[in-house]
Each structure stands twice: as structure tokens, then as C-alpha cells.
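[1] structure here, sequence nowhere to be found:
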């Protein structure tokens, strides 16, 4: 039961005796007079005043009920707060996430949500009881205590002044946990959450924790956001593509357009007509072997007066995608004869975006056996096609097709005719994107493994196995695919891309292509350099810079990613591009669940609504009403 | 009611009254009636049936005519206290009825000791019980029990009561009316009737301070103590002021008439001790002037 309902119930019950007492109060008392005629003659001309006097009586009753309501309200406040002299420990958790940059109202009036939150925080600080102590937490991606518990209004004001809104996703749950930690030793705990919906987190926290009061900031505001923009390279097809997802976080349809550019040049413009809660998804093919940054920007058109239309949040109207520079691999093809060699050459030759044709070479197994270590060092991959050496060098990367080299922890079980391949383990790096059912090998050579990890099998045993040591990686594919055009033209390039991705992990991107604001950029694999250089160009502050980051045990971390924009990591020999984008529906969705009150109204009333200090006001109101009622009731006898 | 203190105060009143009345009034008054006293006044012819003891034989010897000697009759003052016993007299603190009986007792006592004949008659709508022909102080044994046993109740109808009084008491004399003067048919017509019968009327208007300035305020139901009729009204300060004016007007109307009719009138506020009031009356000489 809410406070209002309880007070209403009490008021309703107490109103009955008040009304009864009032009826007794206005009940005419009998007074004997010796000679009534004297009075009768006097009041004959005053009958017209009776109606007004009756109205005065009911007005008096109304005032008494109001007095009762005030007293009940004051009593309830004191009761709910255990004791009106108690000291409350209050933690103000102010959402400083990206969504707080959004509009307070749909019409743009009232400024940003963050400004409203600050105003509300100040109102609470100014309106608190002198006994209350308050702490201030900034709820950004990493919650931060700006001010520990203090009763100093000056310090608390300074903490409010120190609050800044970020462009990262806020972690309200972490901030809530931090607030609970702060309040662990406190007796009377209260948490005031000054936040918008934040993807339902605020409402969930308020529902789960009875000490939390969620002060809603912001109205129901619509917003269109880019929720995904990322470049991918299709090594199999030798092309890049951009994946764009735009979502309408509004209860009304929205029309806008998205402009996609690359290194300053507009490549594509897509008009969007988004239904309520609608999503637009588009895959845009591009061929950008040189790599760079693609930019997607939402444009909402202009108003009738030419001013640009802005939606709820501008932060999610711009996104960047890092397109990595393509790397070409050198492959040594070892085959028993030209007939075997030809189809593989043709397949490798078709993979222009992945294979360095000039750097590729073919030879016999004897030629390989003459200088295996040198060749293993020179080539990125050595492909054994239907032939294998008796032993592999201790270093190097190898793909063995239909032939098992000696010295490996496996032995062939024999030849399996017309094998039926089982569904591959799609989670395995080598089986990704492979359409196994379409592969029709003439024969298979399953293995009896004593080591390694299978990723492809027939009924007789594993036919796809990876075997790895610290310095050597071997992929075994025990299939005779020379007669399978589908395999050679479609599946083989995919497999080869997977092989490169696996055995040349260090040649993949050192960092992820996209990070969220505030997320730490970490190396995905060890680097040999002692330092790396991280550069950035922030989208909103327009700041550019470089930082030298120490590499410890081959790893590094860069945490200055609060600002969305373009980032890159430079090692001794390569640049790796990445981006920081706000792809967070929780921040982009500015709608309020349920009936959202106007932000500024709550702000104005925040201090009073929250504080127990309302009880003296109610008592004062009761006293004033009592005097008014007394004057009103007795004025009738003095007029 | 009539305790030792009361008697002591009556004695004091009696002494004071003698001093006041000495040389100004006499207990004996010359009556215009001829009677059997020792003071000769006239002769008249004898008529059969006359008392032969009053024949003047000296005149008969000289004139041989029978003449009867006429002497001036000495007539006692006949004073009647008419005591209002209606229910309205129960109002006040102390109630007006008690006060009125004390006044009646005092006046009757003085009359009994200084004059010759005193009567006390109760009335409401009609004449009630009476204590008659009280002469001498010894009659207090009759007077006091009579007054003590009187009860009040019923409405006032002075005109009817006075008509009955006139019918009962044909002798003229001093009539002292002790009443709060509340009569639906009006007081003045009744007084005028009494006056027309050549009574010497003296009005003692008994009133309580709560009548003069009623301590009433608020939403009240006013109930007439005599009739039981009621009126709901809100008594405001303004209404109270108007009531006071009306009450004063009512009393002043009676007083004005009394003055014009050479009738004594005095207001008797129950908060004033009865002996003080009686002295005031005696000093003014209105009662027996």
C-alpha cells in the first residue's frame, strides 16, 4: 500500500468522528428564555441570512477536514520516518550516462536530462533536514563517489558542480551496488536515483530495493539511433561490407536518411521510413582493401523554417566503422603432380584479396624435404595436397589435404569410400561458415587420434583435425576433394580463410573493431613490442591525440575511451583501426515506462517530495486552517 | 428562604422605615367613610333601623327631632402585594421568583408593622392563593409559610387576574405588583384596568441580569419558559445588542406609562439585595406617597 493510500484510508476513517463531532458542534443547544417574543420580533428580518450562515457552517466543516488531512499527513510522515529526529543517510545516484544528454521533453524545452538531474540533486541537498547526511555518486560506465557522506551543504554543492555527463553507457546497477556498500554501516538508508529509464534498469532497481526512490528524469521522448555499424571482410569473396542497423525508439513513425561516407567521401545515402519501434537493417558491399574509417550519420531533415530537426539524442546519430587494411598471405603448394596441383592453384588464384599471388610457389615434396625449416619460415602456410613428408619441421603452419605427415599423434584408419560427413562443430574456428552437407568427397581418410582436436568427422572417424604445438600448427583434412568442384570453388576458400584466421592469429586484428564508450581497448593476442601507440580523434569534442601505452607480458590496455570516435593502435609494423561507438539501446531509448511525469515538475518538488521536512509545513497549514476555521465559525456571532 | 438573617434584615428595614415614614405618613388615615370612631363629624336624620346608641339625645331634648351623630371612621391602609407566580419567574440566578417573594415578604412585613392591613396574593393566569388581612408582626407566622409554600408555573395573564382581584377585593388601597411584566397581551392594559379601579398601584419590575444582557451566543434553540414555544436562531453580537435594545424598550414603555399615570415603578435587578431595593423604594416614598 502506498503512503497516499494509507493516509487516505486513515483520513477516511478519522473523517467520520470529525463529521460526527462537527454535527454535535453545530447542533443547536437548548436555552430557556423567559419571554421568547422579544427574540422572535428581532430575528424576523434576519431570515434571509440563514442560507449563507448554513453555507458558512459547511465551509467550516470542509476546513476541519482539511485540518485533519494535514494532521494525518504530518503524522504519517513522522510515522513513516520512524522518528522525525532521526538521521537519514542518503546516497544521491546521478545518472551521467549518454542518455542524459538527451532532451528532457519532446519539444526540446527544459534543456537536457542531465541539467534537470543536477537541479533535482541540488533541490534535495538544499531541502534535506539538517540531520541528514548525503553522499553523491556519479553513475557513469564506472560508478564514482564524488562526495562521501557529508552534512556540509557547501561540499555537497561542490559535488553537484563536479558532476559531468558522459557519452558512455551508464551502469546503474553497479552504481546501486556501490551505494549499498556506502550505506552498509548506516542505520537509516535511502538511495535517490536521479535517472531516466536507462533501459528499465532504474525501474528494476527501484522495484527490488525498498530503500531506493527513483526520481524520474525526462519525459517520453522519441529517438532514432544507429545501433550497429560495422565493417566485415569476406575473405572468401574478396569483398568488404558494412552492416548498418538503425532503430526507431519512438511511439510514432519517423522519417530520416542515413549518409554513409568513407574517408570524407559520401558513398551512399539511404532514406529511412521507420515505423514505431521499427528497425532498418542494411548490408552495404564495399571493396576497400586499403582500409580506413566508414562513417554513418543520421540526418533528420529540416523544419519548415529551415532549422535542422533533432531527435531525442544526437550521440547515437553518428557512428564509425573501422575497415582493416587487407593482408595478403604467401602459400607454398606441395603436390605430387600437376594434375593434383592445378585445381588448388586455381582456387588460390581466385582468392585475390587473401593470397599474395606473387609470393606463392609450388614444389614437390622432395624439394620441400630438402629445406623444410627455411620454407616453413618463408611461407605463411604450406599446403600439402595429396602428399605429405615423413616429418614436419618443428615450426611453421601446415594444411595437409588427404595426406597425413609423419610424426603427428595420429594414424590413418584406411580409405573410406563415398564418406558421409557429419555436421561440423560450428563453434570451431575452422568450421565456421562451412556448408558441410554440400561437400561430396570421393574418399576420406579418417584418423585414429592420440592427440589433436577434430572439427570434422565421418562415420569412420575424424577427417578434419587440428594439431598444435607451441611453434607449429597443423590442419589435417582427410578428404579427396579433387573431383568436388563445389568444395574447390566455394568451401575451400572459406576453409582457407578459417585456416589463416586460426594459424595466423597474430595477423588478425589486434583489437576489436568496435568498443563501447568507456570500454577498455585490450590486445586480443600478445605483441612483441615494448610499447604501442594509441591514437584517437573524438567525434564530439574534436580532440585528437596519441598516447604511448606500455606493453606488459605482451598485452596492453587503453582505458581513455569515454569519447566516441576513431581510435587506432600502432605497433612496430602495423596499424590496427578500431572505433568507439554508442551502440546501446538502453541509452538510446529515451522513453519512460508507465506515466512519466514532466521532468521539471519533479525537479521542483524533489526536495519536498523526498524529505520528511514536509511535516512542519503540514502542521503549520493545519494551524492556519484552524485559525481560519475559528474565525469563520465565530465571525458569525460577532458580525 | 426566610431564615434568621432574613428576619434580622427585615427588622432593620422596619426600623429604617419607621424613621422614614415618621411625620410624613401615619398609620391612621382619615377615611371619607363615616363610621364609629370618637371624632364627630356630622348629623343626619334618624332612619328606622339605625343604631339607637348613636342618637344625640341632647339635640332631641332641645329640638325633639331624632338626629343621629356621625363620626369620622378611622380606616386602615389596605395594601395588597400581587405576586407574579408564572413560570417565567423561575428564570435567573438566583431566580426571580425567590427574589420576588423576598420583596413581597419585606413589603408586607413593613406594612404589617407600620400600617394596619397587608395582603399578599399570588397570580398567574388567574388569582391564586392569598394571605389576607395580616396585621401586626405576629402575622409573619402566616406570611412566611404562605410565601415559602408558593410555587410558580403557568402563563401570565395579568388582565384576567386583575379583573378577578378587583372582583374579590372591593376596597381600594395600595396595590404593589411584583412581576417580571411578561404578558403576551401586554402589561399596560392590565395596569390601566387596575388603575381605573382607583387603586394606588406600584410596579416592581423584577429582572435578572441575564435577561438584560443575555449570555447567549451561537446556534441556539431558544425555548419560551412559559409556553414551550421555541425558535432556532444564531445569536450574534449584533443580535444580542438588538435584544438589549428591545428589552430596554419594553421596560421603558412600562415605566413611561407608569410615570404618566402617576404610578410608582422601580426596576428590581435580582443581583441587588432585596433590602437595598426596599429601602430605595421607601426613600423614594413612591410606595406610600
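    Now that the structure is in, tell me what you want to look at. This is a predicted model, so every value here is computed, not measured. Residues are numbered from 1 along each chain as shown, chains lettered A, B, ... in the order given.

[2] next, count neighbours for the residue in the stretch 151-289 of chain B that chain A sits nearest to.
    Going by CB to the nearest CB, chain A is nearest to residue B:224 of the stretch 151-289 of chain B, at 3.6 Å. (C-beta placed from N, C-alpha, C; glycine too.) For residue B:224, the neighbour count with other CB atoms under 10 Å in any protein chain shown is 22.

[3] ok, now how distant is the nearest residue to residue A:223 once chain neighbours are set aside from residue A:246?
    Leaving aside its sequence neighbours, residue A:223 sits nearest to residue A:312 (CB to CB, 6 or more residues apart in numbering or on different chains; 3.3 Å). Taking CB to CB, to the nearest Å as the measure, residue A:312 falls 14 Å from residue A:246.

[4] quick one: which of those two has more around it?
    residue A:312 (30 against 26).

[5] ok, the more buried one touching residue A:221?
    Yes: if you go by CB atoms under 8 Å, residue A:312 and residue A:221 touch, sitting 4.1 Å apart.

[6] which residues do the two both contact?
    Overlap of the contact sets of residue A:312 and residue A:221 (by CB atoms under 8 Å, 6 or more residues apart in numbering or on different chains) consists of A:102, A:103, A:106, A:590.

[7] distance between the helix or strand harbouring residue A:623 and the chain's centre?
    Assigned by DSSP states H and E, residue A:623 belongs to helix A:614-638. Centroid separation for helix A:614-638 versus its chain: 55 Å, with CA atoms, centre = their mean, to the nearest Å.

[8] which positions within it qualify as buried?
    Within helix A:614-638, the residues that count as buried by 16 or more other CB atoms under 10 Å in any protein chain shown are A:614, A:615, A:618, A:619, A:621, A:622, A:625, A:626, A:629, A:633, A:636, A:637.

[9] kindly report the same for stretch B:217-226.
    Quick answer for stretch B:217-226 (16+ other CB under 10 Å): B:217, B:218, B:219, B:220, B:222, B:223, B:224, B:225, B:226.

[10] count the residues that sit near residue A:61.
    19.

[11] again with residue A:494
    20.

[12] doesn't it belong to a helix?
    Yes: counting by DSSP: H, G, I helix; E, B strand; the rest coil, residue A:494 is part of a helix.

[13] low pLDDT regions in the stretch 101-250 of chain B?
    Across the stretch 101-250 of chain B, residues meeting the criterion (pLDDT under 70) sit at B:114-116.

[14] one more pass at 90, please.
    Scanning the stretch 101-250 of chain B for pLDDT under 90 picks out B:105-118, B:132-141, B:143-144, B:152-155, B:166-175, B:184-186, B:194-202, B:211, B:215-222, B:224-242.

[15] so which bits of it are right by chain A?
    Residues of the stretch 101-250 of chain B lying close to chain A by CB under 8 Å from any CB of the partner chain are B:180, B:182, B:184, B:211, B:214, B:216-227, B:229-239, B:242-243, B:246-247, B:250.

[16] so which of the residues you listed sit within helices?
    Members of those lying in helices (criterion: DSSP state H): B:211, B:237, B:238, B:239, B:242, B:243, B:246, B:247, B:250.

[17] determine which two of the residues you listed are furthest apart.
    Farthest-apart pair in those is B:237 and B:250; separation 20.4 Å (CB to CB).

[18] neighbour-wise, which of these two wins?
    More neighbours surround residue B:250 than the other of residue B:237 and residue B:250, with 18 against 12 (other CB under 10 Å).

[19] right, and the more buried one touches residue A:38 too?
    Yes: counting by CB under 8 Å, residue B:250 touches residue A:38, with 6.7 Å between them.

[20] check the residue of the stretch 101-250 of chain A found nearest chain B and give its pLDDT.
    The minimum distance from the stretch 101-250 of chain A to chain B, using CB to the nearest CB, falls at residue A:129 (43.2 Å). At residue A:129, the model reports a pLDDT of 76.
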